[in-house]
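Engineer: sequence? don't have it. structure:
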C-alpha cells in the first residue's frame, strides 16, 4: 500500500473518514475516491444531487485592466467579451501550443478575475502567470485559504435554494453570483464537471466543514468521490488534465478548438496556426465498446489491423452499461468505424462515436436551445 | 467482511468449496470489497483445462481489470452464466450467487497448498498492517 500520510488532505479529511470513504492520492492530495460505491454514487448524481470535495483545486485572484495588462495573452479565452458575472472555460498554453492547464476564468469586476486551475498543475500555472503577466496590479494564489465544494445533479437547484435563497435559480449556465451562506458572502457558479445541472461553491477553508455538513443534512444529497467524478465526466467526453491532455498535446489535437479565441494574440497561437495549416499528427477520438468491458489507459487502438494509437481514458459507463473511452489516433477515423482496443490477451470491439456518450444530462436545463 | 469456515482459500483471494472430486470457486468477500463495483467477468469455457495458481478468469471493476487464478487444477465443468449480465452478484453474494465455476479436480493433494478460514483471516490481517 502506498504511503500517503505525508500528503496534504482537505479540510474535510475527518468527515471523509467518518463517512467510511476510501481515500487515495490524487493530484498530490489525499482524496476520497468512493463512499457507498462508484456506480451507486454515479447514478445518484444523474438523478438527485451529489456533493464533491474539490478543495484541492487551485484559485488565483488577478487584478488586471485589460487595456494595460496582457492577461488575455495568457489564456485562449476571449476575456474582452466576458460580461461581469460570467465564467469561461479555456487553456493556458506554452509556446508550442501545448496545454499547461485547462482552467475556468471568472470575471469578478471589470478589472478583477478569478482563475480556477487543476491541483497538480497549480504551482506551475502560478509561476507561468507571474513570469509572463505584465501590467497587472495584483496577482495572488489563494488556493491555501479558499475551498470549493461542487453540488451536481438535477435536484441541486432545489437543494441550494434552501440555503442560498431563490436567487440561485436565476443563475444561468456558466455564470456566477454572490450569495450569503453561513455568514460569508461567497461565489457560486452554475458550472461543473458532470454534465448535470449544478454548482461550484467557493468558501473559505475554515467554513468548508460547516457547509459540507449543512448540505449533507439534506436527504436529497449524498457525498460523491473522485471515482464517480471520473465516470461522470468521461460519459460527457470531458478531458481530464494529466491524462487526456497535457503540455505535449494541443487543443487542436484534443478536439477542443471551440475554446480558442482566434481573434486575439495569445502564447502558443503561432504554433496552433501552423498546426492548423499543416494538419495535426494525432487527434482525439471517442469510442463505445460492444460489451461491458472497459477500455483502460494505455490500451492500444487497432484500426484495420494497424496499431494507430492509445487509450487515454476508459471506463465502464454506468449510465450506458457499456465500456467507453477516448484516445489519440494518428489518422482520421470516421464516426461509426470499427476499432479494437487491446492489451495482452484482452481485446475489446468498439466503434468510433461522437461525444457526449451520455446525452440526457441536465446541465443546461432551463436554457434556450 | 465474511470468511466462511467450510471453504479453502488462496493468497490471491479465491475461495474453493470442495464436494468430492469437484470444487466450486469464486473470489472472496475481501476481494470484491477491494475491487469495488464489478462491471464485467470473463469466465473460462466449460471443458477448458485450468491449472492451480494460473489464470482462469478476469474480473473488471470500474477501477481496474484483475486476473483470477484457479485454486485447483482440472477441467471446467460449468460456469455461472448469470454473471455475464449481472456481474454485481459477486459484490452482493461473493460465496453463493457470485460463484464463478465448478471444476473437476485432477489432483486432490493440491488442497495442501490452500489455507483454511483461520489461516486466511490471519493472512488478511497481515496484509493490512
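Structural biologist: In hand now; what should we look at? Computed from a predicted model, the values in this text were never measured in an experiment.
Engineer: what about the residue nearest the centre of chain B, helix or strand, and which?
Structural biologist: Residue closest to the average C-alpha location in chain B (Cα atoms, centre = their mean): residue B:26, at 2.6 Å. Per DSSP states H and E, residue B:26 falls inside strand B:22-27.
Engineer: and that strand, how far out from the chain's middle?
Structural biologist: 6 Å (Cα atoms, centre = their mean, to the nearest Å).
Engineer: For it, list every residue counted as buried.
Structural biologist: Buried positions in strand B:22-27, judged by neighbour count with 16 or more other Cβ atoms under 10 Å in any protein chain shown: B:23-27. For glycine as for every other residue, the C-beta is placed from the backbone atoms N, C-alpha and C.
Engineer: so what strands line up beside it?
Structural biologist: Sheet pairing for strand B:22-27, assigned by DSSP bridges, gives strand B:14-19 (antiparallel), strand B:101-105 (antiparallel).
Engineer: Report the next helix or strand after the last one in sequence order.
Structural biologist: For strand B:101-105, the succeeding helix or strand toward the C-terminus, using DSSP H and E, is helix B:117-127.
Engineer: is any part of that next one close to chain A?
Structural biologist: No: Helix B:117-127 is not in contact with chain A by Cβ under 8 Å from any Cβ of the partner chain; minimum separation 8.6 Å.
Engineer: Close to chain A: what parts of chain B are there?
Structural biologist: B:36-37, B:39-40, B:42, B:58, B:60, B:62-65, B:87-88, B:91.
Engineer: Just flag the most distant two among the residues you listed.
Structural biologist: Greatest spatial distance among those (Cβ to Cβ): B:36 and B:42, at 17.6 Å.
Engineer: who touches residue B:37 in this structure?
Structural biologist: By Cβ atoms under 8 Å, 6 or more residues apart in numbering or on different chains, the contact list for residue B:37 reads A:37-40, B:61-62, B:88, B:91.
Engineer: Quick check: pLDDT value at residue 13.
Structural biologist: Here I'm looking at chain A. Here, the pLDDT recorded for residue A:13 equals 95.
Engineer: To clarify, I was referring to chain B.
Structural biologist: Turning to residue B:13, the model gives it a pLDDT of 97.
Engineer: can you pull the contacts of the nearest residue to it once chain neighbours are set aside?
Structural biologist: Leaving aside its chain neighbours, residue B:13 sits nearest to residue B:31 (3.7 Å; criterion: Cβ to Cβ, 6 or more residues apart in numbering or on different chains). Applying Cβ under 8 Å, 6+ apart, we find residue B:31 in contact with B:13-14, B:94.
Engineer: returning to what we had before: what subset of the contacts of residue B:37 is buried?
Structural biologist: By neighbour count, with 16+ other Cβ under 10 Å, the contacts of residue B:37 hold A:37-39, B:61-62, B:88, B:91 as buried.
Engineer: Could you tell me the model confidence score at residue B:129?
Structural biologist: We have a pLDDT of 62 for residue B:129.
Engineer: Appreciated, that's everything.
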